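[1] below is the structure, and that's it, no one-letter string:
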């Protein structure tokens, strides 16, 4: 992928995250808790437009000074958007990028199915966080055998796949069953057809390998869209664009059936509805304390 295409993609992603406040939430807004990536902004409902699950930066109040901002999954050092492809700015360009990548892959491997992307998951990583072993088989991941197209921008990363369904896919997995690929900025990896649900992980991130021209794009977008002092761009970053064909999810963006949240987050929201926020938080704290004590006992032997 050319530097100009990478720059345009990075600009589109950050522009969408800033202008729609989809990556950021306020850390000092009265309606925002420390678990703010789980919160809804005041005055918006889950059915409101394409604001996926309504958890983004709250603009419901007016303040003399802009509040500080943090990513909507700050604890993991990342921002996350999962929305219909057509909700993104210049969606035609994004779709063309996805189709071009898939056509190149099909020239090498004719068994790779074509794709008609309907949704785009965007991850903006500001910390060198690894990604655990998993398959893209959740209810929000689509049911089609069309390829998942994963495009990496910014920092280099090591992408691992396991080609044995019997492999547990954990840290002690048989290395002989692993396939290791280094993804540099502009590289893409696809899994479709028989390998649509292959187990994979991002095992490491090479910090400070983000191309300079993308750092310049990030700085320009931050200056253009962020309040003064509201957001300090990281020294390096990685953006991952994951295109999916999931027509059965069209129209469900922002609703409960979209399953935007991870399992733990859905459980928290359910507990909050049934028991109230204080009791839900108390149970989370109690569970974490118990897990910590269990780890300490294990270490003590």
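    Structure received. None of these values were measured; they are calculated from a predicted model. Numbers count the residues shown, from 1 in each chain.

[2] which non-adjacent residue is nearest the most centrally placed residue in the chain?
    The chain has residue 123 as the residue nearest its centroid, 3.2 Å off, counting by C-alpha atoms, centre = their mean. In this structure, residue 123 finds its nearest non-sequential neighbour in residue 240, 4.5 Å apart by C-beta to C-beta, 6 or more residues apart in numbering. Any C-beta I mention is one placed from the backbone N, CA and C, and that applies to glycine too.

[3] show the backbone phi and psi for the one you found.
    When read as degrees, to the nearest 10, the backbone of residue 240 gives phi -120, psi 130.

[4] still on that earlier bit, doesn't the residue nearest to the centre of the chain belong to a helix?
    No: counting by DSSP: H, G, I helix; E, B strand; the rest coil, residue 123 falls outside a helix, being strand.

[5] what sits against it?
    Residues near residue 123 by C-beta atoms under 8 Å, 6 or more residues apart in numbering: 78-80, 239-240, 242.

[6] who does the residue nearest to residue 123 form a beta bridge with?
    residue 123, residue 152 (DSSP bridges).

[7] distance of it relative to residue 109?
    Look at residue 240 and residue 109: by C-beta to C-beta, to the nearest Å, they are 22 Å apart.

[8] and for residue 149?
    To residue 109, residue 149 is 14 Å away according to C-beta to C-beta.

[9] ok, these two, which is more surrounded?
    residue 149 (24 against 10; other C-beta atoms under 10 Å).

[10] in what element of secondary structure is that one found?
    strand 148-154 (DSSP states H and E).

[11] remind me what that strand packs against, helices and strands.
    Here strand 148-154 touches helix 3-19, helix 91-108, strand 188-191, strand 238-244, going by 3 or more C-beta pairs under 8 Å, 6 or more residues apart in numbering; DSSP states H and E.

[12] mean neighbour count added to these, as TSV?
    Converted to TSV, those look like this (neighbours: other C-beta atoms under 10 Å):
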stretch	mean neighbour count
helix 3-19	19
helix 91-108	16
strand 188-191	20
strand 238-244	24
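
[13] mean pLDDT lowest where, among those?
    The weakest mean pLDDT among the helices and strands packed on strand 148-154 belongs to helix 3-19, with a mean of 85.

[14] please compute how far stretch 180-199 lies from its chain's middle.
    For stretch 180-199, the separation from the chain centroid amounts to 16 Å (computed by C-alpha atoms, centre = their mean, to the nearest Å).

[15] if we can go back for a sec, turn the contacts of residue 123 into TSV, including distance to residue 142.
    Formatted as TSV, these follow (distance: C-beta to C-beta, whole Å):
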residue	distance to residue 142
78	22
79	22
80	17
239	21
240	17
242	11
